[in-house]
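Colleague: quick one, fold the following:
(2 chains)
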There are 2 protein chains.
Amino acid sequence: MQNPSRGDGENFRIRRLEIADKSKGFLQLLSQLTVCGAVSDEEFKERFEEVAKYGDDHVICVIEDVRLGKIVATGSVFVERKFIRSCGKAGHIEDVVVDSSVRGLQLGKRVVEYLVNHACSVGCYKVILDCTEDNKPFYEKCGFMKKAVQMVKYFV
Amino acid sequence: MQNPSRGDGENFRIRRLEIADKSKGFLQLLSQLTVCGAVSDEEFKERFEEVAKYGDDHVICVIEDVRLGKIVATGSVFVERKFIRSCGKAGHIEDVVVDSSVRGLQLGKRVVEYLVNHACSVGCYKVILDCTEDNKPFYEKCGFMKKAVQMVKYFV
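Modeller: Presented below is the predicted three-dimensional model:
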């Protein structure tokens, strides 16, 4: 695949995930982030529908390179309903990744802005995410600031 | 209120949040964590039902001091459905707090164990949370390890 030259931003369309995106490299893109594993068409459809059931409470956005019919960036946000903050809502951004062939074109920033705007539009009082120290400067450019440390416990 | 003496653990019952817990000090407990704000009975019921609609995907647990009819600890976990990790699920622990009058009785640990066990039982491959540096040792005792940094953007 050729590296797209800079300045062809009009070829990149940002929108919500669709079922057809499985055949446009959505999972191959995610595998640049972490272990993705084999997913059958049936499993993909089932998970897609589970997420879709949450409506605006769980949005996965993608950027498609429409010239190539290929998904080149993605990220998700889900909305947690709390009792604190006068029954406030918090947005959680997860699984942001940009295809290695199109880095440097601000596509990651467009994904994060899309997710942040969604969280804001549904009334969240904040949006949070976890990232490596290396990615901290990127999120600072997106308007985030460091708040706390992320802890994890793996079951498998 | 008297501080309960150590060793009276049998007075503390752990269970899921119920609507009646509003009158048992649930919101006063949350206000020890962060800004809670005024919440009417109607607003409480509405938020309770929104969360309940998610079933095992969003569980709020409480510990009640049954002697006093008072909620003295709480925490929540919600389950995010992903495409990575062979359509895996991740548990997110939020809003853990123990009443200042009963700290040191391991109630926080019981809450976290309850939430971790729930995430595990519904098939999550990991459970994550964000905390201050000060609370890191507590979560390490609960089996967590530091993974990344939490970033935040506030809208209000």
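Colleague: what does the strand or helix carrying A:I14 contact?
Modeller: Element membership for A:I14 (DSSP states H and E) is strand A:12-16. Residues external to strand A:12-16 that are found in contact with it (Cβ atoms under 8 Å, 6 or more residues apart in numbering or on different chains): A:59-66, A:72-73, A:102, A:105, A:107, A:110-111, A:114. (Each C-beta comes from the backbone N, C-alpha and C, glycine too.)
Colleague: which among those count as buried?
Modeller: Buried members of the contacts of strand A:12-16, scored by 16 or more other Cβ atoms under 10 Å in any protein chain shown, are A:59-65, A:72-73, A:102, A:105, A:107, A:110-111, A:114.
Colleague: for chain A, what spans make up the helices?
Modeller: A:26-30, A:41-53, A:84-87, A:107-121, A:136-141 (DSSP state H).
Colleague: count of residues packed around the nearest residue to A:D130 once chain neighbours are set aside?
Modeller: Spatial nearest neighbour of A:D130, excluding adjacent residues (Cβ to Cβ, 6 or more residues apart in numbering or on different chains): A:Q150 at 4.1 Å. Residue neighbour count, defined by other Cβ atoms under 10 Å in any protein chain shown, stands at 21 for A:Q150.
Colleague: tell me if stretch A:43-57 is near chain B.
Modeller: Yes: counting by Cβ under 8 Å from any Cβ of the partner chain, chain B is contacted by stretch A:43-57 at A:E43, A:F44, A:E46, A:R47, A:E50, A:V51.
Colleague: circling back: who does the residue nearest to A:D130 form a beta bridge with?
Modeller: When assigned by DSSP bridges, A:Q150 has beta-bridge partners B:D130, B:A148.
Colleague: pLDDT wise, what is it at?
Modeller: We note a pLDDT of 98 for A:Q150 in this prediction.
Colleague: show me what contacts it?
Modeller: Applying Cβ under 8 Å, 6+ apart, we find A:Q150 in contact with A:D130, B:I128, B:L129, B:D130, B:K146, B:K147, B:A148, B:V149, B:Q150.
Colleague: double-check the third one against B:F138; I have them as touching.
Modeller: In this case it means B:L129. No: contact criterion Cβ atoms under 8 Å: B:L129 and B:F138 do not qualify, at 10.8 Å.
Colleague: out of those two, which sits in the busier spot?
Modeller: When neighbours are counted by other Cβ under 10 Å, B:L129 comes out ahead of the other of B:L129 and B:F138, with 27 against 16.
Colleague: what about the closest residue to that one other than its chain neighbours, how many residues close to it?
Modeller: Nearest non-adjacent residue to B:L129, counting by Cβ to Cβ, 6+ apart: B:I93, 3.9 Å away. Neighbours of B:I93 under the rule other Cβ under 10 Å: 25.
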